[in-house]
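>>> what shape does this take:
(2 chains)
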There are 2 protein chains.
Amino acid sequence: MTTVEEAEKLILAQLRDYGTESLPFEQTVGRVLAEAIKADRDLPPFNRVTMDGIAVNYQSIVSGILSFNIKATQAAGDEPVAISHPEECIEIMTGAVLPVSVDTVIRYEDVEITSGLALVKVQDIKKGQNLHLQGVDKKEGDVLASIGQMVTPAIIGLAASVGKTHLLVKKLPRVVIISSGDELVEVDQTPAPYQIRKSNGYTIKAVLQKQGLQSDMIHIPDDPEITRQQIQHCLQNYDVLLLSGGISMGKFDYIPQALEDSAVKKIFHKVAQRPGKPFWFGVHANGNLVFAFPGNPVATFMCLYKYFLNWLRATLGTTEQSPVYAVLAKDFQFQPPLQYFLQVKLQSNPHGQLMAWPIEGNGSGDFANLADTDAFLELPLERTDFKAGEVFRVVKF
Amino acid sequence: MTTVEEAEKLILAQLRDYGTESLPFEQTVGRVLAEAIKADRDLPPFNRVTMDGIAVNYQSIVSGILSFNIKATQAAGDEPVAISHPEECIEIMTGAVLPVSVDTVIRYEDVEITSGLALVKVQDIKKGQNLHLQGVDKKEGDVLASIGQMVTPAIIGLAASVGKTHLLVKKLPRVVIISSGDELVEVDQTPAPYQIRKSNGYTIKAVLQKQGLQSDMIHIPDDPEITRQQIQHCLQNYDVLLLSGGISMGKFDYIPQALEDSAVKKIFHKVAQRPGKPFWFGVHANGNLVFAFPGNPVATFMCLYKYFLNWLRATLGTTEQSPVYAVLAKDFQFQPPLQYFLQVKLQSNPHGQLMAWPIEGNGSGDFANLADTDAFLELPLERTDFKAGEVFRVVKF
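Model (predicted):
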């Protein structure tokens, strides 16, 4: 059987390039940059005043001058004015440009102003104080955010500050979520005792949405001809098909046949893992990918995070991919020769460790349990006893 | 000066109740539940078959029967059929209801089927195998997700499975983001050498959007009358005013006066922290809140996460609020008697520790640096030397 590691490798061998698109910068949070954002001028762009007060020439202070005539008042956004005499100062506001004729700012708290005269009340004045000097943060042309970085709110602010009204980002694949089976009824329907409501598709859609990926959802009934038509339609109109259920050996699972009829080549079927053992992965002649997850909601959920989102990040060339590790908080045993994805609740402790508390519920098939957990702990295939204090990788969700 | 701890306490003393609203369940990711989601029937709702194969009576196996006539085929979603003889079986599919006449499922891999006859090829069969029994996960009426939980994709799936087409969630405050100052020009404009582009408002809006909170943005020019009008308009139409800049002692900062004229009471001004020392917080007679952040982009960013989002979670009654700790990865010094929020890059190490790497850039005012970091490490007020290996709380962003 394919191991988790092999499955990952086979999937990551199928990276795609969906190109790029230019979007209004405010709409790009969570997207992956396809261009670097550069400083259009120095940051700060000028010697910027950081306190409200008066701007003087430090030499005047050194020579003992403590009383200054206020020559003018300069607000942030005003063109700089200049003094023409050592006993003059400019009343100046935070954010203003420091005029070339002065070099030091004394804040309001340290001066007394009466009828056009500013009296300095303190001794300890440093040359160049209360200034944020031009170019100390970044020089014109410096890279502020690189290709492959995910756009964060901070990057949105940076883009605004350098006048990037549009950002070039990686295009996302067109994804369709496919559920199947006549046992499924709509959410607003009351299922017969032997039926259940559709739910996996909504879960998948919500996960993708959190990643900024819009997707379509379709449901295929248990009918071989409709199944074939729908699968072919999806292969023509979407880059990725995410199936939930319908790929077991069941007599009414028409999907494997439809995929075969549609030139989708199986890359692997079944992975040595729980949940999600029946996971099927294939590739169409035109390069489109088919992730067929088992119908068990927990298996679908795990495979989506572990395999599809990982593939998505790699395909988009996201730079941030460092693994996350957590400490198993109590002993745990798992016998079957499968890599177990244990549902855990993560908690940061005062030692700076990420503790993983197993919350098993009723085993790997208990979907209700996912509401109380926030990660899967990846327990290695070759072992059965896991001790509190051991560290393993986690898949956060 | 107000300490960070005091500021937090004063802000958290101003929790509000904005009521609840019922939304289509798919639109509630990230929102806070105002009702519990309960199981509308047992989970699973019936004894559910978990493997494709044949369903038999275990007693037949015990009595040595290995060959079974296939009485009928039952798919998932079919009404259950029954056997009437110990040598009969039902060919049955994953997801189907286990009929009452049988109690054990043998998977296809372990039988050989020829012309209506199923021959069992294995010895090791356990009574009740390959079944997910009714109600083992949850009983009808059990709580699947509680009031105060944030809606996750898993909860979306649970809501679908129990037929909750709408969910009652906490209403969000109406928030307006206010920038001010004539030095600011639009993103698509080329600033004069003494001007800069608006950026803080976009950053704030993007942060709020990531939290599912839509907000409006306005800009107030340096004009006392317009400032007064706009502030009053905002106090009438929004629950929370988030100001960035405009509250210093500057001569052209008309906002403090406008707030005073509009019956906004100052709760505190200035916090012993860097960045963000000039942070101002007040409350209007009608209960509306004014968070006035300093104009420095890093200060605005930090205060937004540390104070506003914390207040928002508390106001909405979110249950998930456990603090996050990280290990300082290298020595750091900070002299001023202020609580320093150090920009760090977090990295999980193979010991399960969250390491915080200081990435200082050019100090607390370097906004470009926020693109390369993902948290602030909160260094305590009373100390100046911080050693690698010490653990502190972090504000993740």
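>>> can you pull the contacts of the closest residue to residue A:295 other than its chain neighbours?
Once flanking residues are discounted, residue A:295 sits nearest to residue A:245: 2.7 Å by Cβ to Cβ, 6 or more residues apart in numbering or on different chains. Heads up, the C-betas are built off the backbone N, CA and C, glycines and all. Contacts for residue A:245 (Cβ atoms under 8 Å, 6 or more residues apart in numbering or on different chains) come out as A:179, A:180, A:181, A:200, A:293, A:294, A:295, A:300, B:95.
>>> so what's the residue count around the second one?
Other residues within reach of residue A:180, judged by other Cβ atoms under 10 Å in any protein chain shown, total 28.
>>> likewise the fourth one?
One way to gauge burial is a neighbour count; for residue A:200, by other Cβ under 10 Å, it gives 28.
>>> give me the pLDDT for the residue nearest to it when sequence neighbours are not counted.
What sits nearest to residue A:200 in space, not counting adjacent residues and going by Cβ to Cβ, 6+ apart, is residue A:244, at 4.0 Å. At residue A:244, the model reports a pLDDT of 93.
>>> likewise for residue A:178?
For residue A:178, the predicted pLDDT is 97.
>>> that one and chain B: what is the separation?
Computed as Cβ to the nearest Cβ, to the nearest Å, the residue A:178 to chain B distance reads 16 Å.
>>> which ones are touching the residue of the stretch 151-300 of chain A found nearest chain B?
The stretch 151-300 of chain A approaches chain B most closely through residue A:183 (2.8 Å), counting by Cβ to the nearest Cβ. By Cβ under 8 Å, 6+ apart, residue A:183 lies in contact with A:194, A:195, A:196, B:75, B:76, B:77, B:78, B:95, B:96.
>>> tell me the one of those residues nearest residue A:307?
residue B:95 (22.4 Å; Cβ to Cβ).
>>> excluding chain neighbours, what is closest to that closest one?
Among residues not flanking residue B:95 along the chain, residue B:76 sits closest, at 3.1 Å (Cβ to Cβ, 6+ apart).
>>> what about the stretch 1-150 of chain A, any weak spots by pLDDT?
Applying pLDDT under 70 to the stretch 1-150 of chain A flags no residue at all.
>>> which stretches of it form strands?
A:20-24, A:37-38, A:48-49, A:53-56, A:67-74, A:88-92, A:104-107, A:111-114, A:117-120, A:131-132, A:143-145 (DSSP state E, counting those that start in this stretch).
>>> how about the ones you listed in JSON lines, adding mean neighbour count and distance to residue B:71?
Output for the strands of the stretch 1-150 of chain A, formatted as JSON lines (neighbours: other Cβ atoms under 10 Å in any protein chain shown; distance: least, Cβ to Cβ, whole Å):
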{"stretch": "strand A:20-24", "mean neighbour count": "14", "distance to residue B:71": "58"}
{"stretch": "strand A:37-38", "mean neighbour count": "20", "distance to residue B:71": "68"}
{"stretch": "strand A:48-49", "mean neighbour count": "24", "distance to residue B:71": "85"}
{"stretch": "strand A:53-56", "mean neighbour count": "27", "distance to residue B:71": "93"}
{"stretch": "strand A:67-74", "mean neighbour count": "18", "distance to residue B:71": "94"}
{"stretch": "strand A:88-92", "mean neighbour count": "26", "distance to residue B:71": "93"}
{"stretch": "strand A:104-107", "mean neighbour count": "22", "distance to residue B:71": "92"}
{"stretch": "strand A:111-114", "mean neighbour count": "13", "distance to residue B:71": "99"}
{"stretch": "strand A:117-120", "mean neighbour count": "18", "distance to residue B:71": "102"}
{"stretch": "strand A:131-132", "mean neighbour count": "20", "distance to residue B:71": "84"}
{"stretch": "strand A:143-145", "mean neighbour count": "22", "distance to residue B:71": "66"}
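>>> nearest to chain B, out of those?
Nearest to chain B, of all those, is strand A:143-145, at 4.7 Å by Cβ to the nearest Cβ.
>>> for that closest one, packing partners?
Judged by 3 or more Cβ pairs under 8 Å, 6 or more residues apart in numbering or on different chains; DSSP states H and E, the packing partners of strand A:143-145 are strand A:37-38, helix A:153-161.
>>> out of these, which gets nearest to residue B:147?
helix A:153-161 (28.9 Å).
>>> and the closest one, does that touch chain B?
Yes: using Cβ under 8 Å from any Cβ of the partner chain, we find that helix A:153-161 touches chain B at A:153, A:154, A:155, A:156, A:157, A:158, A:159, A:160, A:161.
>>> would you show me how to pick out the buried ones of these in ChimeraX?
Per 16 or more other Cβ atoms under 10 Å in any protein chain shown, the buried members of the residues of helix A:153-161 next to chain B correspond to this ChimeraX selection:
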select /A:153,154,155,156,157,158,159,160,161
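>>> that older thread, how many neighbours does the residue nearest to residue B:95 have?
If we define neighbours as other Cβ under 10 Å, then residue B:76 has 28 of them.
>>> roughly how far apart are it and residue A:84?
90 Å (Cβ to Cβ, to the nearest Å).
>>> now do residue A:305
In terms of Cβ to Cβ, residue A:305 sits 68 Å off from residue A:84.
>>> neighbour count winner among those two?
A count of neighbours by other Cβ under 10 Å puts residue A:305 above the other of residue A:305 and residue A:84, at 18 against 7.
>>> now the biggest helix by length in chain A: average pLDDT?
Using DSSP state H to define each element, chain A has its longest helix at helix A:224-237. Here helix A:224-237 scores 96 as its mean pLDDT.
>>> so which elements touch the very next helix or strand once past that helix?
Remark: after helix A:224-237, the chain's next helix or strand is strand A:240-244, criterion DSSP states H and E. Helices and strands touching strand A:240-244, by 3+ Cβ pairs under 8 Å, 6+ apart, are strand A:175-180, helix A:200-210, helix A:224-237, strand A:289-293.
>>> so who does residue A:291 touch?
Applying Cβ under 8 Å, 6+ apart to residue A:291 gives the contacts A:240, A:241, A:242, A:243, A:279, A:281, A:303, A:307, A:308.
>>> which members of these are the farthest-apart pair?
A:240 and A:279 (14.8 Å).
>>> quick one on the thing from earlier: among the contacts of residue A:245, which two are most distant?
Greatest spatial distance among the contacts of residue A:245 (Cβ to Cβ): A:293 and B:95, at 14.3 Å.
>>> tell me the one of the contacts of residue A:183 nearest residue B:377?
Nearest to residue B:377 among those: residue A:196, at 47.2 Å, using Cβ to Cβ.
>>> follow-up on the earlier one: possible to save the helices and strands packed on strand A:143-145 as CSV with distance to residue B:101?
Shown next, in CSV, are these (distance: least, Cβ to Cβ, whole Å):
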stretch, distance to residue B:101
strand A:37-38, 68
helix A:153-161, 61
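>>> so how far is residue A:103 from the residue in the stretch 1-150 of chain A positioned nearest to chain B?
Of all residues in the stretch 1-150 of chain A, residue A:77 sits closest to chain B, at 2.8 Å by Cβ to the nearest Cβ. Distance from residue A:77 to residue A:103, counting by Cβ to Cβ: 21 Å.
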